[in-house]
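*Asks:* Take a look and give me a structure for this.
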Amino acid sequence: MTASRPTFRPVSRPSSRTGGLTLGSPEGEVGRGTLLGFAAYGLWGLFPLYFDALRPAGAWEILANRILWTLLFCVLVLLVRRDLAWVAPLLQRPRLLVGLTVAAVLIAVNWVVYVAAVVSGNTSEAALGYFLNPLVTVALGVVVLRERLRVLQWVAVGIGAAAGVYLGVAGGRVPWVALSLAVSFALYGLTKKKLGASLEALHGLTVETVVLAPVAAVTLLVVGTQGGLAFGHHGAGHTTLLVLSGVVTAVPLLCFAAAARRVPLVTIGLIQFITPVMQLLCAVLLLGEHLPAERWVGFAIVWVALLVLTTDSLLSVRATRRANRLAALEPRPVPADDCPR
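*Replies:* Okay, here's the model as predicted:
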């Protein structure tokens, strides 16, 4: 009788792991998406330092450079990836092109207002705009999409509205910068939501910058004829920073798009508060902005509203998970054909 030889089976090992989680697993994908989300919002949080370094270039020149260099960066990436097959089908969808044009205008408004706020020393008010943005987004969902709000969502929107009124009364003026940023970005998000997942983030950014490129070129010509062009006149370092505006714009957006595909929306909603917090810290600690007492009170009221909104989101997610677990435990009816006879 021949002794049986032991059989050795190779043990498969994951090629890469993050925090003990295989990158290909669902848990690994969520972990990777969370890191990408932190990268996106962290980079956006550092934008005040970047745009402040672009002075003495004005907001319109910075906007024009940002559009043109972003377009060049996107085109180069598409050429390297040989990713142009989506262009022809897009040209046959005029409704989608109109929607992308509207989105391009809205994001251009957001960009120029934000840059103008930073280079004029109003970064703290810009940060307030991004604190207000989730509340404005919820309000637009009610007004435009006819969504039904839960009680805590109504409370959060009401507190946010009270904060806007308080800041206007206490500061002696309407906080136009904050409101413009909050509304323009909320409308941009709403427009993209209405368009649906029709294009990848890189494709959408390419189309939006293509739409804005003629305006950007004319803007540079106008600024140049008025003798206010800073590009190439303030050293190689300043010129390099302007050229890099394309990379600076595209990279966090692509990180965000990758994160949004991997992590739950509530996680993105929580991570997004990193950006205005970092912007506020940059304004106060690094850019030397002074916030009067009433501005701090206004921020505090907004933070209360965001706390209420976040609590509602977490409670909603918990309730949904509990309902799903109960549904999974319910016995499924046996089809008549499978019943024993």
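*Asks:* rest of the way, CA atoms for contacts and neighbours
*Replies:* Fine.
*Asks:* Which strands or helices does the helix or strand Cys255 falls within pack on?
*Replies:* With secondary structure defined by DSSP states H and E, Cys255 is part of helix 245-260. Counting contacts by 3 or more C-alpha pairs under 8 Å, 6 or more residues apart in numbering; DSSP states H and E, helix 245-260 packs against helix 26-45, helix 59-81, helix 201-225.
*Asks:* I'd like to know which elements the helix or strand following the shortest one is packed against.
*Replies:* When you say that, I think you mean helix 26-45. Counting by DSSP H and E, the next helix or strand C-terminal to helix 26-45 is helix 47-53. With contacts taken as 3+ C-alpha pairs under 8 Å, 6+ apart, helix 47-53 sits against helix 94-119.
*Asks:* May I see the buried residues of the helix it packs on?
*Replies:* 96-97, 100-119 (16 or more other C-alpha atoms under 10 Å).
*Asks:* Pull the distance from it to the chain's centre.
*Replies:* 13 Å (C-alpha atoms, centre = their mean, to the nearest Å).
*Asks:* And it, what does it pack against?
*Replies:* Going by 3+ C-alpha pairs under 8 Å, 6+ apart, helix 94-119 lies up against helix 47-53, helix 59-81, helix 87-91, helix 123-143, helix 176-195, helix 201-225.
*Asks:* got the angle for the longest one vs helix 176-195?
*Replies:* For helix 201-225 against helix 176-195, the angle between stretch directions is 140 degrees (axes from the mean of the first three to the mean of the last three C-alpha atoms, to 10 degrees).
*Asks:* how far is helix 201-225 from where the chain is centred?
*Replies:* Worked out by C-alpha atoms, centre = their mean, helix 201-225 lies 20 Å from the chain centre.
*Asks:* C-terminal to it, what's the next element?
*Replies:* Sequence order places helix 235-243 as the next helix or strand after helix 201-225, per DSSP H and E.
*Asks:* elements contacting that following helix?
*Replies:* helix 59-81.
*Asks:* what is the mean pLDDT for the helix it packs on?
*Replies:* Helix 59-81 comes out with an average pLDDT of 95.
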